[in-house]
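A.B. asks: here is my input, please return the structure:
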Amino acid sequence: MAYIDISSSAEMMPDQNQVSSFLKRYQQAETVKDHWKDKFEEAYEYCLPQRESFYDETPGERRTDKIFDETAVVGVQEFASRLQAGIVPTFARWADFQAGSEIPEDQRNSVNEQLDSITNYVFEILQNSNFNQEIHESFMDLAIGTGILLVEEGDAINPIKFSAIPLPRVSLLSGPDNRIDTIFRTRYVEASEIKILYPKAKLPENFDILSMNNNNKKFKVIEGIYKLYDKPNKERYKRCVVIDELKAMILEEYYDGEGSNPFLVFRWNKASGEVYGRGPVFNAISAIKTCNLTIELILENAQMNISGVYTFEDDGVINPENISLVPGSLIPVAPGSRGLQPISGAGNFDVAQLVLNDMRANIKKALYMETLGRPEGTPMTATEVSERMADLSRQIGSSFGRLQSELIYPLLRRIIKILSKQGRIDIPKINGREVKVVARSPLAKAQHLQDVADVNRFNQIIAGTFGPQMINLIINQNETARYIAEKMNLPEKLIRDESEQQALVEQVKQMQQAPQASGNDNGMG
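C.D. replies: The predicted model follows:
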């Protein structure tokens, strides 16, 4: 548990005590992570061999020696792409800002129109940033269980910078509410890079001498951010940066308000009491290892069948050191000697295909690669696309809800925080009361379209049972149209407000009454 006792303020604590407390908490997070390292490393070796290892290794080291079947490697890539297309699709507006419950009813239309323009601007910033590239990498880590996305303030050209942080570089702790509230990031940087990475850092007095004596040395820098609990009902964080070798804290900052934490940690699923998440790869790791072992045995069997295994009589003539089994080679043998004799294989290994088919099907199912089968033949219709997304939404329902609370809402709050700080937008707090976030991703739309289908089905039943005239008596047409427009993500500016609708009704009435009045005048004449 990462509860922080701040009975004495941080400013009153000696620097060395702060460093000791910080490193102690870091070691606690590393101890928790040590219980997971072997499991994570195994999953990364079989599914994401190109990602960074949890253990020390030389740059460019080959990590594909255990990969004999690529089903899981390709499956994780497709899982990340499918998840990105379903939750945060590229070049699409996958969320809306709308007026919350505290906004008066008569002001909601105008507020929603203003929020609609802000939403367009936010997603324009996202589309011009590196968000789509980095979130895909984080989703690949999410297939293992836990993804980490760093959202930092950028410059005038790129207001927001996104970075997918590899899980091997991060250690986590949970707080009193069982939510992740402490994040440590480890980096190895050269002395000249520290000031670039941390412009506000205050380096020790002897640091220049140490860096000159160690030109090529990379210092271990530990960056940590944790939640403070000294002020109830207020979100507050403290960020510290420590050079491990020198036991020196070079940076100390405080962040206030919602969206102030730059680290977003999101999990696919987790067991009660655990900090790190468990992804779909954990469910399929046995099938993944079985597939790789089976392919390895098939290749060994194929090698034996191709090159063969031979026996020979040791008659003093045949020298096995000089035998080369290549086309056109001549092997001398003694008269009457049987020479080289091949040994037949142990048997046919066709049963392996049965094992592979079952295991590959399990892997694809675990990674959601076979949702409603593969689209083949004619292109999919809009209804089929909707049904596929609805089926995927039902399968990942609980994980989709977790991603909304741990990724989507914190991400949008963080973006709003940065853009508001830069003076680019002016928006109230996104707390559900003044402004709320409404998901508009394809997976969320699948549920919304189901709501629309329920309305259409109701209308059909009423019309078929009591006749079409009953629909106008039972259903409020205006409110129903607004409900369907909201579910189908129709922009607010396309919907007429009540005053415009009333004016249009009056105009239609006047147009209908004009011919009647003209006819009456002609009759009187």
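A.B. asks: all contacts plus neighbour counts: C-alpha atoms, from now on.
C.D. replies: Fine.
A.B. asks: for residue 401, see how far away the residue nearest in space to the middle of the chain is.
C.D. replies: Compute the mean C-alpha point of the chain, and by C-alpha atoms, centre = their mean the closest residue is residue 139, 3.4 Å away. Computed as C-alpha to C-alpha, to the nearest Å, the residue 139 to residue 401 distance reads 15 Å.
A.B. asks: quick revisit: now the residue nearest to the centre of the chain: which helix or strand?
C.D. replies: Per DSSP states H and E, residue 139 falls inside helix 131-144.
A.B. asks: contacts for the next helix or strand after that helix, please.
C.D. replies: The helix or strand immediately downstream of helix 131-144 is strand 146-153, counting by DSSP H and E. The contact list for strand 146-153 (C-alpha atoms under 8 Å, 6 or more residues apart in numbering) reads 134-135, 138-141, 159-167, 262-268, 276-279, 411, 414-415, 418.
A.B. asks: what average pLDDT does strand 146-153 get?
C.D. replies: Mean pLDDT, strand 146-153: 95.
A.B. asks: how about stretch 185-202?
C.D. replies: On average, stretch 185-202 scores 89.
A.B. asks: quick one: that stretch to chain centroid distance?
C.D. replies: 27 Å (C-alpha atoms, centre = their mean, to the nearest Å).
A.B. asks: what does that stretch contact?
C.D. replies: 169-171, 211, 216-224, 250-251.
A.B. asks: what helix or strand does residue 181 sit in?
C.D. replies: strand 180-190.
A.B. asks: show me which positions of that strand end up buried.
C.D. replies: Neighbour-count burial for strand 180-190, counted by 16 or more other C-alpha atoms under 10 Å, picks out 180, 181, 182, 183, 184, 185, 186, 190.
A.B. asks: same list (the residues you listed) but as JSON lines, adding distance to residue 293.
C.D. replies: Converted to JSON lines, the buried residues of strand 180-190 look like this (distance: C-alpha to C-alpha, whole Å):
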{"residue": "180", "distance to residue 293": "37"}
{"residue": "181", "distance to residue 293": "40"}
{"residue": "182", "distance to residue 293": "39"}
{"residue": "183", "distance to residue 293": "37"}
{"residue": "184", "distance to residue 293": "37"}
{"residue": "185", "distance to residue 293": "35"}
{"residue": "186", "distance to residue 293": "35"}
{"residue": "190", "distance to residue 293": "42"}
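A.B. asks: and of those residues, the nearest to residue 448?
C.D. replies: Within these, distances to residue 448 taken as C-alpha to C-alpha reach their minimum at residue 180, with 30.9 Å.
A.B. asks: ok, and what's touching stretch 21-36?
C.D. replies: 2, 171, 172, 173, 184.
A.B. asks: rerun at 6 Å
C.D. replies: The contact list for stretch 21-36 (C-alpha atoms under 6 Å, 6 or more residues apart in numbering) reads 171, 172, 173.
A.B. asks: sketch out the low-pLDDT regions of the stretch 401-525 of the chain for me.
C.D. replies: Counting by pLDDT under 70, the ranges of the stretch 401-525 of the chain that qualify are 431-432, 446, 489, 491-492, 515-525.
A.B. asks: can you map out the helices along the stretch 301-450 of the chain?
C.D. replies: 351-366, 382-395, 397-403, 409-421, 442-466 (DSSP state H, counting those that start in this stretch).
A.B. asks: among these, which is the most enclosed?
C.D. replies: helix 409-421 (a mean of 20; mean count of other C-alpha atoms under 10 Å).
A.B. asks: give me the angle between that one and strand 146-153.
C.D. replies: 10 degrees (axes from the mean of the first three to the mean of the last three C-alpha atoms, to 10 degrees).
A.B. asks: only C-alpha atoms, please: export helix 409-421 in PDB.
C.D. replies: Extracted in PDB, the C-alpha atoms of helix 409-421 (Å, rounded to 0.1, in the frame of the first residue of the first chain):
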ATOM      1  CA  TYR A 409     -11.600   9.600 -18.900                       C
ATOM      2  CA  PRO A 410      -8.200  10.300 -17.400                       C
ATOM      3  CA  LEU A 411      -6.700  10.900 -20.900                       C
ATOM      4  CA  LEU A 412      -9.300  13.500 -21.800                       C
ATOM      5  CA  ARG A 413      -9.000  15.200 -18.400                       C
ATOM      6  CA  ARG A 414      -5.200  15.300 -18.900                       C
ATOM      7  CA  ILE A 415      -5.600  16.800 -22.400                       C
ATOM      8  CA  ILE A 416      -8.100  19.400 -21.200                       C
ATOM      9  CA  LYS A 417      -5.700  20.300 -18.300                       C
ATOM     10  CA  ILE A 418      -2.800  20.900 -20.700                       C
ATOM     11  CA  LEU A 419      -4.800  22.900 -23.300                       C
ATOM     12  CA  SER A 420      -6.500  25.000 -20.600                       C
ATOM     13  CA  LYS A 421      -3.100  25.700 -19.100                       C
END
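A.B. asks: next one: residue 190 from residue 53, what distance?
C.D. replies: For residue 190, the distance to residue 53 - C-alpha to C-alpha - is 21 Å.
A.B. asks: do residue 43 as well
C.D. replies: For residue 43, the distance to residue 53 - C-alpha to C-alpha - is 11 Å.
A.B. asks: residue 97 touches residue 434, doesn't it?
C.D. replies: No. The pair residue 97 and residue 434 fails to qualify as a contact (C-alpha atoms under 6 Å) at a distance of 10.1 Å.
A.B. asks: and those two? which has more neighbours close in?
C.D. replies: residue 97 (24 against 15; other C-alpha atoms under 10 Å).
A.B. asks: surely the more buried one is within a strand?
C.D. replies: Yes. Under DSSP: H, G, I helix; E, B strand; the rest coil, residue 97 falls within a strand.
A.B. asks: show me the contacts for it.
C.D. replies: With C-alpha under 6 Å, 6+ apart, residue 97 has these contacts: 115, 436, 437.
A.B. asks: make it 8 Å
C.D. replies: By C-alpha under 8 Å, 6+ apart, the neighbours of residue 97 are 112, 115, 116, 118, 119, 435, 436, 437, 438.
A.B. asks: pick out the most distant pair among the residues you listed.
C.D. replies: 118 and 438 (13.9 Å).
A.B. asks: and those two? Which one has more around it.
C.D. replies: Comparing residue 118 with residue 438 by other C-alpha under 10 Å, the one with more neighbours is residue 118, at 19 against 15.
A.B. asks: that one against residue 425, yeah?
C.D. replies: Yes. Residue 118 is within contact range of residue 425, at 7.1 Å (criterion: C-alpha atoms under 8 Å).
A.B. asks: in stretch 63-82, what's buried?
C.D. replies: For stretch 63-82, by 16+ other C-alpha under 10 Å, it's 63, 67-69, 71-73, 75-82.
A.B. asks: which residue is the nearest non-sequential neighbour of residue 143?
C.D. replies: In space, and not counting its chain neighbours, residue 143 is closest to residue 279: 4.9 Å by C-alpha to C-alpha, 6 or more residues apart in numbering.
A.B. asks: give the contact list for the one you found.
C.D. replies: 142, 143, 144, 145, 146, 267, 268, 269 are the contacts of residue 279 under C-alpha under 8 Å, 6+ apart.
A.B. asks: distance to residue 294 added to those residues, as CSV?
C.D. replies: Formatted as CSV, those follow (distance: C-alpha to C-alpha, whole Å):
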residue, distance to residue 294
142, 27
143, 23
144, 23
145, 26
146, 29
267, 31
268, 29
269, 29
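A.B. asks: hey, what's residue 185 bridged with?
C.D. replies: Residue 185 forms beta bridges with residue 170, residue 223, as assigned by DSSP bridges.
A.B. asks: in the stretch 101-250 of the chain, mark out all the strands, start to finish.
C.D. replies: Assignment of strands within the stretch 101-250 of the chain using DSSP state E, counting those that start in this stretch yields the ranges 146-153, 160-164, 170-174, 180-190, 218-227, 236-243, 248-256.
A.B. asks: need the ones you listed in TSV with distance to residue 364, can you?
C.D. replies: Shown next, in TSV, are the strands of the stretch 101-250 of the chain (distance: least, C-alpha to C-alpha, whole Å):
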stretch	distance to residue 364
strand 146-153	20
strand 160-164	25
strand 170-174	29
strand 180-190	30
strand 218-227	37
strand 236-243	41
strand 248-256	43
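A.B. asks: cool, thanks, talk later.
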